[in-house]
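[1] fold the following and give me the result.
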Amino acid sequence: MNMIVSIIATFITYYTWALIIYILMGWFPNARESAIGQFLARICEPYLEPFRRIVPPLGMIDISPIVAFFVLRLATNGLYQISHWIG
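    Below you'll find the predicted structure:
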């Protein structure tokens, strides 16, 4: 069980880094139009979209990724708690 939890937690960590890179690419002109930007958009936008619908932007600042990171962190902590509880 611990190995499965470790694999899922590692996947969540990699996904978090992909989100960070994708968000930072928005600060550079035409970065999201590159092949890497398009790949990251395909894997990150489906996760970010529900948060963008729920959390309105504050002027020009989109804070929905912060909520998305928080949810990923809660999922990781919950995963570890369940693993610890199961044994």
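[2] buried set for stretch 3-17?
    5, 9 (16 or more other Cβ atoms under 10 Å). C-beta coordinates here come from the backbone N, C-alpha and C atoms, glycine included.
[3] pull the distance from that stretch to the chain's centre.
    11 Å (Cα atoms, centre = their mean, to the nearest Å).
[4] and the contacts of it?
    With Cβ atoms under 8 Å, 6 or more residues apart in numbering as the test, stretch 3-17 has contacts from 43, 47, 69, 72, 75-76, 79-80, 82-83.
[5] try 10 Å
    Residues from elsewhere that reach stretch 3-17 (Cβ atoms under 10 Å, 6 or more residues apart in numbering): 43-44, 47, 68-69, 72-73, 75-77, 79-80, 82-84, 86.
[6] the helix or strand containing residue 48: what's the following helix or strand?
    Applying DSSP states H and E as the criterion places residue 48 in helix 35-54. For helix 35-54, the succeeding helix or strand toward the C-terminus, using DSSP H and E, is helix 64-86.
[7] and the helix holding residue 48, what's buried?
    Residues 37, 40, 44, 48, 51-52 are the ones in helix 35-54 that count as buried (16+ other Cβ under 10 Å).
[8] try stretch 78-85
    Buried-residue list, stretch 78-85, by 16+ other Cβ under 10 Å: 79, 83.
[9] repeat that for stretch 59-73.
    Using 16+ other Cβ under 10 Å as the burial criterion, the residues of stretch 59-73 that qualify are 62, 64-65, 68, 72.
[10] distance between that stretch and the chain's centre?
    Distance of stretch 59-73 from the chain centroid (Cα atoms, centre = their mean) equals 9 Å.
[11] kindly export that stretch (C-alpha atoms) in PDB.
    Taking Å, rounded to 0.1, in the frame of the first residue of the first chain, the C-alpha atoms of stretch 59-73 are listed here in PDB:
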ATOM      1  CA  GLY A  59      -8.500  42.400 -11.700                       C
ATOM      2  CA  MET A  60      -5.800  41.000 -13.900                       C
ATOM      3  CA  ILE A  61      -4.600  38.500 -11.400                       C
ATOM      4  CA  ASP A  62      -5.900  34.900 -11.600                       C
ATOM      5  CA  ILE A  63      -5.800  33.400  -8.200                       C
ATOM      6  CA  SER A  64      -7.500  30.100  -9.200                       C
ATOM      7  CA  PRO A  65      -4.100  28.300  -9.500                       C
ATOM      8  CA  ILE A  66      -3.400  29.000  -5.900                       C
ATOM      9  CA  VAL A  67      -6.700  27.200  -5.000                       C
ATOM     10  CA  ALA A  68      -5.700  24.400  -7.400                       C
ATOM     11  CA  PHE A  69      -2.400  24.000  -5.600                       C
ATOM     12  CA  PHE A  70      -4.100  24.000  -2.300                       C
ATOM     13  CA  VAL A  71      -6.400  21.200  -3.400                       C
ATOM     14  CA  LEU A  72      -3.500  19.100  -4.700                       C
ATOM     15  CA  ARG A  73      -1.700  19.600  -1.300                       C
END
